[in-house]
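> Dropping a prediction and its sequence here:
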Amino acid sequence: MRVRGGFAAVAVCCCLLFLAACSGAWNDPYVDTAAEQRTLYMGYTATPNHLDPARSYSANEVRYNGQIYEPPLQYHYLLRPYELVPRTATEVPEPVLLDEDGNRLPADAPDEAVATSVWRIHIQPGIRFQPHPAFATDDQGEPLYDDLDGDDVAGIDSPMDFEHVGSRELVAADYVYAIKRLADPSVTSPIFSTMASHIRGFVAFAEKVSAAREQLQAEQGENAFLDLSAIDMAGVEVVGRHAYEVTIDGRYPQFKYWLAMPFFAPMPVEALRFYSQPALVNRDITIDTFPVGTGPYMMMTNQPNKRIELVANPNFHGEAYPETGEQEDREAGLLDDAGKQMPFISRVVYSLERESIPYWNKFLQGYYDVSGISSESFDQVINLSGSGEASLTEAMRERGIELQTAVGQSIYYTGFNMLDDVVGGYDEQARKLRRAISIALDYEEFIGIFLNGRGIPAQGPIPPEIFGHQSADDNYNKYVFERVDGHTVRRSIDDARELLAEAGYPGGIDPETGKPLVIHLDMAGTGPAAGEQIAWYRKQLGRLDIRLVVRNTTFNRLQRKMNEGNIQLYSLGWLADYPDPENFLFLLYGPNGKVEHGGANVANYDSDEFNALYEDMRILPDGPERREVIEQMVHIVRRDAPWVWGFHPRNYTLNHAWLGNRRLNTMANNTLKYLTLDGAQRARRRVDWNRPMVWPLAAGGGLLILVVAPAVLIHRRHQRRSARGG
């Protein structure tokens with residue numbers, strides 16, 4: 001039967017709608033066609049502030065830098081305890097100990113006999129930097145892009161937008177240049193003060209750089225580029241095309257851990273010279289936004305308020321998947337790819353998600369491959385046994401979702417700015433104010449409300465599984481906790497009120513104003529949970545009749561305020577850079593103060609007693625003597641209370657079944673290269689999980705036909721009558 005006119009059009013439209021509904025997921029957020037390719041999809045909630053490896057010191061930045069930059073060492077992906085292995089180095093170096101006359105000493109020489117430790121690092125030959133316009137040259141070998149102006153960069157949003165790129169071999173001088181940048185005052189590296197106390201000639205080099213830059217700018221203008229290659233540092237030396245030495249004052253065994261961090265990744269001077277051009281700086285194309293490395297990935301897109309994209313580096317020198325691991329790794333199939341060349345995934349797309357619920361929903365739909373577990377979703381995902389053992393709910397298991405858990409080597413805490421006139425200071429009244437606040441901030445309640453029990457109340461700065469950790473069972477913080485019926489419990493709010501009165505604020509009243517004491521807390525929270533946490537903080541201090549003003553801001557803005565010391569209380573976390581107590585105790589070491597020295601000591605805590613013990617502790621090997629020194633240090637900071645010690649989180653992460661070789665490694669920051677992906681399985685699951693509900697369309701189309709068809713028939717009859725009448 002022939003269908004005519006408008007009725008035919010309606011029928012065709014309905015059929016097309018139905019066919020479209022059956023062809024795939026309508027809600028796919030990705031406009032590309034990479035769903036079945038080797039592309040990993042992840043989300044992020046905090047935008048990176050620094051991608052310059054000399055300046056970057058945040059977990060939300062190293063997740064990118066760790067894939068792009070290659071320091072000489074890395075952590076074995078599977079072995080526990082964590083073990084350092086070569087990355088670009090040929091082997092893990094051991095220091096040569098020398099006395100004052102330069103004579104070699106045995107490894108067990110007494111500390112007082114060791115004048116210097118010399119670390120020689122050998123680099124694998126043949127490694128090349130990623131393709132980049134900084135290396136592009138003309139026929140005479142001169143840089144192609146060394147004199148760019150505004151017209152040259154019009155329409156350029158990324159270094160990859162330039163027509164020509166080049167590369168060159170990685171050499172030892174690139175590692176030496178990177179260390180020199182750590183000392184350059186214009187870089188303001190957060191580890192300047194730490195390295196100044198260890199690397200020979202570090203401070204003297206900084207002074208020479210300042211003088212050289214001042215002279216150069218006076219001669220050539222403030223935009224003149226200073227090449228650090230021409231300025232010598234006593235403690236860093238190139239000793240061959242693929243070898244360099246770092247000289248440490250005295251003994252410092254922890255230096256090997258720093259060699260696995262992006263701070264000590266190579267930096268080609270060509271990239272810095274290229275990025276120093278004002279035309280690029282004005283377009284925010286710098287080493288802080290577009291890294292240049294030798295790693296398995298390179299940055300293709302950096303739109304921090306929308307999307308960040310990494311792609312496989314075509315110049316990557318290659319690396320084999322580990323052939324050793326634990327027995328449980330073999331049983332879990334984590335050694336099935338042993339010996340195969342990495343990386344296995346060719347592209348990584350990170351999308352900005354400001355709130356946890358949309359992130360979670362997209363993970364369930366298969367549009368993100370990895371996810372954490374928010375408090376709102378916890379009961380939907382996790383079953384807890386009577387002993388606290390966590391397992392996935394049946395709904396999650398049916399989707400093939402996998403759970404991994406671990407107690408992280410990290411701490412989340414509330415810190416006091418010790419330079420502040422109200423909450424800072426070292427007299428007994430100031431200590432009692434901080435202790436009162438420490439008791440009032442009930443982190444056991446915080447863990448229960450916001451983390452579903454996924455945390456351990458901290459008794460000091462050192463987390464579990466790090467040498468020197470003190471637990472609530474064997475050595476609790478007596479200033480904040482007490483033992484009741486064999487259990488460690490938080491002291492009562494009455495104890496806190498008594499301390500507050502002794503601190504000079506009876507009933508929470510500020511004697512200078514006659515009004516409630518006002519304290520400001522700075523934090524960087526996002527999503528609905530941030531508002532709930534702000535209310536929790538206010539409630540806790542409200543129990544002391546203290547008025548808490550919470551200034552919630554972006555993490556980048558919080559970093560600026562911390563640098564300026566424009567804070568009283570702040571909420572922050574620290575994830576271990578390396579598995580040693582020094583990496584947590586140095587957060588309270590005076591010469592690492594944030595305001596005066598630009599270091600990682602955001603509290604600006606400075607105790608001569610603590611500092612002296614720290615200097616002894618850092619060179620001691622793990623053992624009874626070192627443990628005793630650490631216990632003394634922890635006692636001092638418990639007494640002074642520069643932090644409310646907070647909690648050590650338990651990490652719960654999820655991934656879909658199509659993501660392989662995934663194992664939590666809280667030390668390594670370069671784990672993307674190990675992952676495999678079954679893109680075809682993901683594509684099928686996405687269609688299954690996102691099938692549109694078609695029957696309303698079909699019903700609507702049928703109803704539309706019933707409504708429109710009579711009108712069409714009447715219109716046709718009218719046309720025929722008109723034709724006959726004519």
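Good, I have the coordinates. What you see is a predicted model, and the numbers here were worked out from it, not measured in a lab. Numbers count the residues shown, from 1 in each chain.

> So, low pLDDT: which residues of the chain?
Judged against pLDDT under 70, the low-scoring parts of the chain cover residues 1-27, 31-36, 387, 693-702, 704, 707, 709, 711-712, 715, 719-726.

> Contacts only, for residue 596.
Applying Cβ atoms under 8 Å, 6 or more residues apart in numbering, one finds that residue 596 lies in contact with residue 604. In this view, the C-beta of every residue, glycine as well, is placed from N, C-alpha and C.

> And it, its phi and psi?
Its backbone dihedrals place residue 596 at phi -80, psi -40, with angles given as degrees, to the nearest 10.

> and it, how far is that from residue 564?
For residue 596, the distance to residue 564 (Cβ to Cβ, to the nearest Å) stands at 12 Å.

> residues shared between the contacts of these two?
A shared contact of residue 596 and residue 564, defined by Cβ under 8 Å, 6+ apart, is any residue touching both; here there are none.

> show me what contacts the closest residue in space to residue 506 that isn't next to it in sequence?
Nearest residue to residue 506 in three dimensions, chain neighbours excluded: residue 500, at 7.3 Å (Cβ to Cβ, 6 or more residues apart in numbering). Applying Cβ under 8 Å, 6+ apart to residue 500 gives the contacts 432, 433, 436, 506, 508, 544, 546.

> host element of residue 500?
Take DSSP states H and E as the rule and residue 500 turns out to sit in helix 493-502.

> Dump the C-alpha coordinates for that helix into PDB.
As requested, the backbone C-alpha atoms of helix 493-502 are provided in PDB (Å, rounded to 0.1, in the frame of the first residue of the first chain):
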ATOM      1  CA  ILE A 493      35.200  18.700  75.300                       C
ATOM      2  CA  ASP A 494      35.300  19.800  78.900                       C
ATOM      3  CA  ASP A 495      39.000  19.200  78.900                       C
ATOM      4  CA  ALA A 496      39.200  21.300  75.800                       C
ATOM      5  CA  ARG A 497      37.200  24.100  77.400                       C
ATOM      6  CA  GLU A 498      39.500  24.100  80.400                       C
ATOM      7  CA  LEU A 499      42.500  24.400  78.100                       C
ATOM      8  CA  LEU A 500      40.900  27.200  76.300                       C
ATOM      9  CA  ALA A 501      40.300  29.100  79.500                       C
ATOM     10  CA  GLU A 502      44.000  28.600  80.500                       C
END
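
> Can you give me the buried ones in that helix?
Of the residues in helix 493-502, those buried under the neighbour-count criterion (16 or more other Cβ atoms under 10 Å) are 495, 496, 497, 499, 500, 502.

> Report all helices and strands that the helix or strand following it contacts.
Tracing the chain C-terminally past helix 493-502 and defining elements by DSSP H and E, one meets strand 509-510 next. The helices and strands touching strand 509-510, judged by 3 or more Cβ pairs under 8 Å, 6 or more residues apart in numbering; DSSP states H and E, are strand 515-516.

> what's the strand it packs on packed up against?
Judged by 3+ Cβ pairs under 8 Å, 6+ apart, the packing partners of strand 515-516 are strand 509-510.

> what comes into contact with the strand it packs on?
With Cβ under 8 Å, 6+ apart as the criterion, strand 509-510 contacts 515, 516, 517, 518, 545.

> need the longest strand for this protein.
Taking residue count as the measure and DSSP state E as the definition, the longest strand of the chain comes out as strand 643-655.

> burial measure for residue 302, as a count.
When neighbours are defined as other Cβ atoms under 10 Å, residue 302 has 24 of them.

> swap in residue 144?
When neighbours are defined as other Cβ under 10 Å, residue 144 has 18 of them.

> What backbone torsions are found at the closest residue to it other than its chain neighbours?
Using Cβ to Cβ, 6+ apart and skipping residues adjacent in sequence, the residue nearest residue 144 is residue 136, 4.3 Å away. Here the main-chain torsion angles of residue 136 (degrees, to the nearest 10) amount to phi -70, psi 130.

> Give me the distance between residue 136 and residue 505.
Using Cβ to Cβ, we find residue 136 at a distance of 64 Å from residue 505.

> which one of the two has more residues nearby?
For the pair residue 136 and residue 505, the greater number of neighbours falls to residue 505 (23 against 19), based on other Cβ under 10 Å.
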